[in-house]
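S.K.: Sequence first, then the predicted structure, then my questions.
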Amino acid sequence: MLYGRCTDASRLRCQPFGCGIRGLVKSVGARLPKCASPSFSKKVEESIPVEIREALLPLVELVAALSDSIQGYDEKIEKLGSEKYGHTALLRQVKGVGPITALAYVLTLENPNRFAKSRDVGPYLGLVPNQEDSGDIQPQLGISKAGDTMLRRLLVGSAQYILGPFGPDTDLRRYGLRLCERGGKNAKKRAAVAVARKLAVLLHHLWVSGEVYEPLRQGLSATLTQATA
């Protein structure tokens, strides 16, 4: 799924195990009730068909154990961010940026003042296109993928949430949707990367300035301009 509902704190849930169990149950002509990953083991246990119950219950118990362990790590990450890296709160003003992404961002960049401009963060994280000039030909290449791979993936994941059905109306979302409208085979993927690049720049700006995030700053400016005209 390209654009999902999950924010980054829930990306590590036991979805592969749950999907496997659902597939096995479906193979005998039954279905398990819909539920969120954390409550999966509690809600599906009684719905497993008798003929495969003995085989699947250990998997359900494994999902429950892993969910509890993940929840414990989530709580530790929240505590680490709030107690030792309080400035991650500035980054989490952006809906779709959770504790994992915010913490990974500040730990990877270490010192925001090492960048003369916020836009320098995009190339540092490999979110800008490669350049290859050959005479009059300038082919459109993929991103450089330089820098930290995990942080780049987290930012792209946040961008996918922003562009997805549950993303709030923001300048970032409007920018990405405009790119999607151009069409083409990889329009959505390119839009997600472009939004991730803008997000990386925005997070650095919020970190350095300490400003309150305005989701629709550009949209508000356009509205005021039209009203004045």
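M.R.: Right, received. Where do you want to start?
S.K.: and R53, how far is that from L24?
M.R.: 11 Å (Cβ to Cβ, to the nearest Å). Heads up, the C-betas are built off the backbone N, CA and C, glycines and all.
S.K.: More neighbours: the two, which one.
M.R.: L24 (17 against 14; other Cβ atoms under 10 Å).
S.K.: Need the pLDDT of Q140.
M.R.: pLDDT for Q140: 56.
S.K.: Find the residue ranges of this structure scoring beneath the pLDDT cut-off.
M.R.: Scanning the chain for pLDDT under 70 picks out 1-17, 130-142, 219-229.
S.K.: Could you give me the buried positions within the lengthiest helix in the chain?
M.R.: Longest helix of the chain, by residue count under DSSP state H: helix 50-83. Neighbour-count burial for helix 50-83 flags L56, L59, V60, V63, A64, L66, S67, I70, D74, I77, E78, G81 (criterion: 16 or more other Cβ atoms under 10 Å).
S.K.: Please name every helix or strand in contact with it.
M.R.: Using 3 or more Cβ pairs under 8 Å, 6 or more residues apart in numbering; DSSP states H and E, the elements in contact with helix 50-83 are helix 15-27, helix 40-44, helix 88-91, helix 99-109.
S.K.: got the ones you listed as JSON lines, with distance to Q160 columns?
M.R.: JSON lines is the format used below for those (distance: least, Cβ to Cβ, whole Å):
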{"stretch": "helix 15-27", "distance to Q160": "15"}
{"stretch": "helix 40-44", "distance to Q160": "22"}
{"stretch": "helix 88-91", "distance to Q160": "17"}
{"stretch": "helix 99-109", "distance to Q160": "12"}
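S.K.: Which one, of the ones you listed, ends up nearest to A146?
M.R.: helix 99-109 (12.4 Å; Cβ to Cβ).
S.K.: just how off-centre is the closest one within its chain?
M.R.: 13 Å (Cα atoms, centre = their mean, to the nearest Å).
S.K.: Following element in sequence after it, please.
M.R.: Downstream of helix 99-109, the first helix or strand assigned by DSSP states H and E is helix 121-124.
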